[in-house]
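Undergrad: Sequence first, then the predicted structure, then my questions.
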Amino acid sequence: MRRVLSAIVLLFAASVAGARERIPVATPAGPAVPCIPLVQIRETRVRDDRTIDFVLNGRKIYRNTLPYACPSLGFEQRFSYATSLGQLCSTDIISVLYQAPYLTQGASCGLGQFQPVTLSAR
C-alpha cells in the first residue's frame with residue numbers, strides 16, 4: 001500500500017515539475033502596462049493556472065500573471081472575456097472554458113498587469 005501511495009505522490013510531483021518546465025523563462029522588456037489593444041492580439045498561450053502569454057502583432061509578447069490561480073485554466077488552456085472597450089485590461093475578468101459536449105463557462109478570474117517580455121529559447 002505504501003509503495004502505491006509513494007508512486008502516486010512521485011507521479012504527481014513529476015507532472016507538476018514537468019508543467020513548470022514548459023513555462024519559458026520571461027525577461028522583462030519594459031514597464032508593465034494596464035491594457036493591450038484587442039486588435040493586436042494574435043495568439044494567447046495559457047502556461048498554467050496563473051500565467052498567460054499574449055502574442056501581439058510584430059511578435060511582441062506580454063505576460064499576464066493573474067493575482068490568484070484560476071482553477072482549471074492551465075488544464076483547459078482556453079478562456080473567454082467580454083469587454084466594451086477596444087482593449088483588454090488588468091481590471092477585466094476572464095472565464096475558463098470547459099470542453100463538454102459544447103464549451104461551458106467555468107471559473108472567472110481577474111487579470112494582472114501586462115508585462116512585455118522576451119522568452120528564453122529552449
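TA: Sure, I can see it.
Undergrad: contacting residues around the residue nearest the centre of the chain?
TA: What sits nearest the mean C-alpha location of the chain, by CA atoms, centre = their mean, is residue 52, with 2.6 Å. Taking CB atoms under 8 Å, 6 or more residues apart in numbering as the contact definition, residue 52 lies against 44-46, 63-64, 66, 73, 79. (Glycine included, C-beta is placed from N, CA and C.)
Undergrad: residues of stretch 64-77 that come out buried?
TA: 64-66, 70, 73-74, 76-77 (16 or more other CB atoms under 10 Å).
Undergrad: mind listing which of those are in strands?
TA: Among those, DSSP state E puts 64-65 in strands.
Undergrad: just to revisit the earlier point, and the contacts of residue 52, which is closest to residue 33?
TA: residue 64 (10.4 Å; CB to CB).
Undergrad: for the closest one, which residues make a bridge with it?
TA: residue 52, residue 114 (DSSP bridges).
Undergrad: hang on, isn't it packed against residue 117?
TA: No - here residue 64 does not reach residue 117: they are 10.2 Å apart, not a contact under CB atoms under 8 Å.
Undergrad: what's the closest of the contacts of residue 52 to residue 87?
TA: Once CB to CB is applied, the member of the contacts of residue 52 that ends up nearest residue 87 is residue 64, at 13.0 Å.
Undergrad: What strands line up against the helix or strand containing residue 96, and which way round?
TA: Per DSSP states H and E: residue 96 is located in strand 93-99. When pairing is defined by DSSP bridges, strand 93-99 lines up against strand 79-81 (antiparallel), strand 103-110 (antiparallel).
Undergrad: what mean pLDDT does it have?
TA: The average pLDDT within strand 93-99 is 96.
Undergrad: How far off centre is it?
TA: Computed by CA atoms, centre = their mean, to the nearest Å, the chain-centroid distance of strand 93-99 equals 11 Å.
Undergrad: Please apply the same query to stretch 66-83.
TA: Centroid displacement of stretch 66-83 relative to its chain, using CA atoms, centre = their mean, is 6 Å.
Undergrad: mind checking the end-to-end distance for that stretch?
TA: Chord length of stretch 66-83, first to last residue, is 17 Å (CA to CA, to the nearest Å).
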